[in-house]
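Visitor: Only the shape, not the letters, is given here:
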């Protein structure tokens, strides 16, 4: 692990991650690194400024190598308790196929006996976790360590006061999360309805697009959803409507043009 090209700010925490008996992770915008697929990890790493392709390759390799801790036999693998905000499931970090595979990988990993994945639903509102992602490493007989992620790629805290404060935040967030089974069902449903459908659907230009070329709206049918995207940015953000909601929206547009 020492030879892997971790970001400098993460290196102090890397050793604690391998020594931990339990890891408590919260993520508000991305899938936790320990649970990322290679394609998703590459998409995340590609957002780094002034980073060459070979460096991205090295960073992805290092991230995937960290994941071996979850399935090791000796010493026993740590318990992983991962809390993720529901928004993580919908954020288009990568193309639809990659997002679908990533969410289904979460479903698969959540079935491991040492892995618990819980989703903090939108209904939790503006929770404190929106201030930033973090990981708590429980080191058994030694004091716990915290890694707090930020724009500088993270900071490590060992002082008791900070660790206790972050632990309280985690417990508060966990009290608002869906149970393990319900979380797994939600992740699978979003994978199927939001990402699998949009990866396979056929797009057509909406009749509500403007004729000037400035408004290029495309619509696609996907199972139980109607997806809408900008044809000039097909891999960008998309809106998803239930069929009834879309029909009501279309009806309102027709009423406005009459």
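Guide: It's in. Just so we're clear, the structure is a prediction, and the values are computed from it rather than from any experiment. Numbers count the residues shown, from 1 in each chain.

Visitor: which residues does residue 27 form a beta bridge with?
Guide: residue 84 (DSSP bridges).

Visitor: List the contacts of it.
Guide: 82, 83, 84, 85, 88, 133 (C-beta atoms under 8 Å, 6 or more residues apart in numbering). C-beta coordinates here come from the backbone N, C-alpha and C atoms, glycine included.

Visitor: Columns neighbour count, pLDDT and distance to residue 155 on top of these, output as TSV?
Guide: Shown next, in TSV, are the contacts of residue 27 (neighbours: other C-beta atoms under 10 Å; pLDDT from 0 to 100; distance: C-beta to C-beta, whole Å):
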residue	neighbour count	pLDDT	distance to residue 155
82	23	97	20
83	23	97	20
84	26	97	21
85	24	94	21
88	21	96	22
133	22	91	12
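
Visitor: Now these in JSON lines, please, with extra columns for distance to residue 113.
Guide: Compiled in JSON lines, these are given as follows (distance: C-beta to C-beta, whole Å):
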{"residue": "82", "distance to residue 113": "14"}
{"residue": "83", "distance to residue 113": "18"}
{"residue": "84", "distance to residue 113": "20"}
{"residue": "85", "distance to residue 113": "25"}
{"residue": "88", "distance to residue 113": "23"}
{"residue": "133", "distance to residue 113": "25"}
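
Visitor: of those residues, closest to residue 54?
Guide: residue 133 (26.8 Å; C-beta to C-beta).

Visitor: you'd agree the closest one is up against residue 26?
Guide: Yes. Counting by C-beta atoms under 8 Å, residue 133 does reach residue 26; the two are 5.9 Å apart.

Visitor: Which strands and helices lie in contact with the helix or strand encompassing residue 65?
Guide: In this assignment (DSSP states H and E), residue 65 forms part of helix 53-66. Secondary-structure packing of helix 53-66 (3 or more C-beta pairs under 8 Å, 6 or more residues apart in numbering; DSSP states H and E): helix 38-45.

Visitor: what's the spacing between the residue lying closest to residue 71 once chain neighbours are set aside and residue 164?
Guide: Among residues not flanking residue 71 along the chain, residue 77 sits closest, at 6.1 Å (C-beta to C-beta, 6 or more residues apart in numbering). According to C-beta to C-beta, to the nearest Å, residue 77 and residue 164 sit 26 Å apart.

Visitor: And residue 16, by the same measure?
Guide: Residue 16 sits 17 Å away from residue 164, going by C-beta to C-beta.

Visitor: Between these two, tell me which one has more neighbours.
Guide: Of the pair residue 16 and residue 164, residue 16 is the one with more neighbours under other C-beta atoms under 10 Å, namely 21 against 12.

Visitor: Got the phi and psi for residue 118?
Guide: Residue 118 adopts backbone torsions of phi -130, psi 140, taken as degrees, to the nearest 10.

Visitor: now the one 3 residues further on
Guide: Taking degrees, to the nearest 10, you get phi -70, psi 160 for the backbone angles of residue 121.

Visitor: hang on, isn't it packed against residue 88?
Guide: No. Residue 121 is beyond contact range of residue 88, at 11.5 Å (criterion: C-beta under 8 Å).

Visitor: what residues are shared contacts of those two?
Guide: By C-beta under 8 Å, 6+ apart, no residue touches both residue 121 and residue 88.

Visitor: Surely the residue nearest to residue 71 forms part of a strand?
Guide: No. Membership of residue 77 in a strand is not supported by DSSP: H, G, I helix; E, B strand; the rest coil, which gives coil.

Visitor: What's the separation between residue 161 and residue 167?
Guide: Noted for residue 161: a distance of 11 Å to residue 167, by C-beta to C-beta.

Visitor: neighbour count winner among the two?
Guide: Neighbours were counted for residue 161 and for residue 167 using other C-beta under 10 Å; residue 167 has more, 16 against 8.
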